[in-house]
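S.K.: With the input below, show me the fold.
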Amino acid sequence: MSPLNGPGVRAGGPSGAVTLSLSKGPISKKGYRADVSAATVKHLDPTQVELEISIDPSELASEQDRAFRDLSRNVRIRGFRPGKVPRKIFEAQYGSAQIQERAMEAVVGKAYPRALEENDLDPVDAPQMELLPEEEGQPVRVRATVSVRPHIELGTYKGIELTGASTAVTDDDVENTLAELRKEQGALVPADRPVAIGDVPTIDYEGKIDGVPFEGGKAENQPTEILEDRFIPGFASGIAGMSAGETKDVEARFPADYSNAELAGKTAVFTVTVHENKVAELPELDDEFAARLAGPGTTLDSLRDDLRTRLEANARARQRRELSGELMERLLATHEIALPAVMVDREIESLYEESKSYIERAGVEWADYLEKQGKSDDEVRASFREDAEKRVKGSLLVEAIAKAENIQATNADVEAELAELSRQYGRPREDILQMLRSNINALVDGIVRTKTLEFLMDHAKITEAVAAPESPAPEST
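M.R.: Now for the predicted structure:
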């Protein structure tokens, strides 16, 4: 029966048998009771189990009758109305294979999930099914081998001590923000001289790494403020000194800790063309500027107070994001978790597809990229294994903590998330829901993960590093 065919069960690993009753029934014609040893589960390893399920003969017989009735409605045999043909005559003409196959699918379809539930097993993949040979005096048996989520022995996860960067906002921070707002309100005027740091030339540029363009590395007719701290090292200083109409190659290097791991630590060559150069004429920093920026009645002092409040809120949010990552690193380091191979393989494939899509969006054929890198598809996949294992381990750990703390996604949580997505994409809630219909579980999982991380941060012990004292302002001359 094809639905039950599958490769042989892999042996090995620690094992243990647990007996449970899937169903209760009368003594069968073969002389055994269907309520005895209906199924056993054996742990092949921490992430794989083997279930041996005994099929209740009365349940199988009932499903065979049901299957026969369904099939007989669609056949025509001379002398009998549809659905009225005797089973012996039906089987004589069509055989019994279809009846047996449908019945077994139905019975196993009920018995398998019951066995999972009663043994508290959480599968992460479809099972491999195998119909076992019949034995005298024994019921029909099916063996299911399936990967499951491992049992996780949780250690300490509340009260983790973390030290975060100071969230204090200095007067310099406020003044620098004011300076940025002043620039935004300024007017750009042509400058008939070479580009200097702080100028805003209009440029074309295209970056390549080892001769290969990368996503986000190209722009045309882009007004760009030339400041060292806004670009990767070498980009701004390479443009400084260029004149309108000039083209040259500028070499710049992505920092080792750059947010995009594909680019981190790599040297890029940007072909830059300057079309024109401009400088900013800035408004006076006074109450009129404050009122124009924030509304009537706003003074420069009240604007400074408002900016300080916002900067402090941003600093706290930034600190929380950074410490959330550190907290997860600490938890991963203190928990040993057996990882289901199928989950790791799926994550590797996801990372591989993300990388391939990224390269192809940059206009490079994947085969050309592999050739340039001197790697095969399998080698690229292998390079993602460590990250994939870390992601799977983190996911399993957060799931276990959420379960231990009974953290769930409520209807209100889901509605709030749908409303936010509706706002972001400018689409009605119903459209967003329809788009997510086949992947709503991922939305729920994301909510639970976010709530769990918030729970962990709320229960962490956070101290702030002492901020360095502000340097005294220089005396005016």
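S.K.: and the host helix or strand of residue 380, what other elements does it pack with?
M.R.: Secondary structure here is read from DSSP states H and E; on that basis residue 380 sits in helix 377-383. With contacts taken as 3 or more Cβ pairs under 8 Å, 6 or more residues apart in numbering; DSSP states H and E, helix 377-383 sits against helix 341-361, helix 366-373. Glycine gets a C-beta too; all of them are placed from N, C-alpha and C.
S.K.: who's in contact with that helix?
M.R.: When contacts are defined by Cβ atoms under 8 Å, 6 or more residues apart in numbering, helix 377-383 is touched by residues 348, 349, 352, 355, 370, 373, 375.
S.K.: List the buried residues of it.
M.R.: Applying a neighbour-count criterion of 16 or more other Cβ atoms under 10 Å, one finds 380, 381 buried in helix 377-383.
S.K.: Report the mean confidence score over it.
M.R.: The predicted model gives helix 377-383 an average pLDDT of 95.
S.K.: what about the spatially closest residue to residue 453 that is not a sequence neighbour, neighbour count?
M.R.: By the measure of Cβ to Cβ, 6 or more residues apart in numbering, the closest residue to residue 453 outside its immediate chain neighbours is residue 324, 5.6 Å from it. Taking other Cβ atoms under 10 Å as the neighbour definition, residue 324 ends up with a count of 16.
S.K.: just to confirm, which helix or strand has residue 324 in it?
M.R.: Taking DSSP H and E as the criterion, residue 324 maps to helix 300-333.
S.K.: residues of that helix that come out buried?
M.R.: For helix 300-333, a neighbour-count test (16+ other Cβ under 10 Å) marks 303-304, 307-308, 311, 315, 319-320, 323-324, 327-328, 330-331 as buried.
S.K.: for those residues, which one is nearest residue 223?
M.R.: Closest to residue 223 out of the buried residues of helix 300-333 is residue 307 (25.3 Å), distances taken as Cβ to Cβ.
S.K.: The closest one: what's it in contact with?
M.R.: By Cβ under 8 Å, 6+ apart, the contact list for residue 307 reads 174, 177, 178.
S.K.: Any chance of the residues you listed in TSV with secondary structure, neighbour count and distance to residue 202 as columns?
M.R.: What follows is the contacts of residue 307, written out as TSV (DSSP: H, G, I helix; E, B strand; the rest coil; neighbours: other Cβ atoms under 10 Å; distance: Cβ to Cβ, whole Å):
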residue	secondary structure	neighbour count	distance to residue 202
174	helix	18	31
177	helix	17	26
178	helix	18	26
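S.K.: mind putting these in CSV, pLDDT included?
M.R.: As requested, the contacts of residue 307 are exported to CSV (pLDDT from 0 to 100):
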residue, pLDDT
174, 96
177, 95
178, 94
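S.K.: Out of the contacts of helix 377-383, grab the one that's most surrounded.
M.R.: Counting neighbours by other Cβ under 10 Å, residue 348 leads the contacts of helix 377-383 with 21 neighbours.
S.K.: Now do the residue nearest to that one when sequence neighbours are not counted against residue 149, distance only.
M.R.: Counting by Cβ to Cβ, 6+ apart, residue 388 is the residue found nearest to residue 348 once chain neighbours are left out, at 4.4 Å. In this structure, residue 388 and residue 149 are separated by 16 Å, where distance is defined by Cβ to Cβ, to the nearest Å.
S.K.: cool, residue 234 as well?
M.R.: For residue 234, the distance to residue 149 equals 48 Å [Cβ to Cβ].
S.K.: returning to what we had before: could you check which helix or strand contains the residue nearest to residue 348?
M.R.: Mapping residue 388 onto the secondary structure by DSSP H and E places it in helix 385-404.
S.K.: quick one: contacts of whichever helix or strand comes after that helix?
M.R.: Proceeding C-terminally, helix 385-404 gives way to helix 411-425 as the next helix or strand, assigned by DSSP H and E. Helix 411-425 is contacted by residues 428, 429, 431, 432, 433, 443, 444, 446, 447, 451 when judged by Cβ under 8 Å, 6+ apart.
S.K.: can you give me the helices in the stretch 51-200 of the chain?
M.R.: 57-72, 87-94, 97-118, 171-185 (DSSP state H, counting those that start in this stretch).
S.K.: Take those and lay them out in JSON lines including distance to residue 338.
M.R.: Formatted as JSON lines, the helices of the stretch 51-200 of the chain follow (distance: least, Cβ to Cβ, whole Å):
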{"stretch": "helix 57-72", "distance to residue 338": "35"}
{"stretch": "helix 87-94", "distance to residue 338": "48"}
{"stretch": "helix 97-118", "distance to residue 338": "18"}
{"stretch": "helix 171-185", "distance to residue 338": "47"}
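S.K.: quick one, which of those helices is nearest to residue 337?
M.R.: Closest to residue 337 of the helices of the stretch 51-200 of the chain is helix 97-118 (Cβ to Cβ; 20.6 Å).
S.K.: May I see the buried residues of that closest one?
M.R.: Of the residues in helix 97-118, those buried under the neighbour-count criterion (16+ other Cβ under 10 Å) are 99-100, 102-108, 111-112, 114-116.
S.K.: how far does stretch 341-356 sit from the chain's center?
M.R.: Counting by Cα atoms, centre = their mean, to the nearest Å, stretch 341-356 is centred 11 Å from the centre of its parent chain.
S.K.: Contacts for it, please.
M.R.: Residues from elsewhere that reach stretch 341-356 (Cβ under 8 Å, 6+ apart): 47, 124-125, 147, 262, 366, 377, 380-381, 384-385, 387-389, 391-392, 396.
S.K.: Low-confidence stretches in the stretch 351-477 of the chain?
M.R.: Across the stretch 351-477 of the chain, the stretches falling below the confidence threshold (pLDDT under 70) are 467-477.
S.K.: rerun that using 80 as the cut-off
M.R.: Regions of the stretch 351-477 of the chain meeting the criterion pLDDT under 80 cover residues 466-477.
S.K.: Give me the domain ranges for this structure.
M.R.: 2-147, 187-281 (automatic domain parsing).
S.K.: Any chance of JSON lines for those, columns distance to residue 412 and mean pLDDT?
M.R.: As requested, these are arranged in JSON lines below (distance: least, Cβ to Cβ, whole Å; pLDDT from 0 to 100):
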{"stretch": "domain 2-147", "distance to residue 412": "26", "mean pLDDT": "73"}
{"stretch": "domain 187-281", "distance to residue 412": "33", "mean pLDDT": "94"}
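S.K.: Let me know the outermost residue of this structure.
M.R.: Using Cα atoms, centre = their mean, the residue of the chain lying farthest from its centre is residue 79. It sits 61.6 Å away.
S.K.: how close does it sit to residue 85?
M.R.: When residue 79 is compared with residue 85 (using Cβ to Cβ), they lie 9 Å apart.
S.K.: Likewise for residue 181?
M.R.: In this structure, residue 181 and residue 85 are 86 Å apart, going by Cβ to Cβ.
S.K.: and what of residue 351?
M.R.: For residue 351, the distance to residue 85 equals 56 Å [Cβ to Cβ].
S.K.: neighbour count winner among those two?
M.R.: Neighbours around residue 351 and residue 85, counted as other Cβ under 10 Å, are more numerous at residue 85. The numbers are 21 against 18.
S.K.: picking that back up, which pair of the buried residues of helix 300-333 spans the longest distance?
M.R.: Between any two of the buried residues of helix 300-333 (Cβ to Cβ), the greatest distance is 42.2 Å, for 303 and 331.
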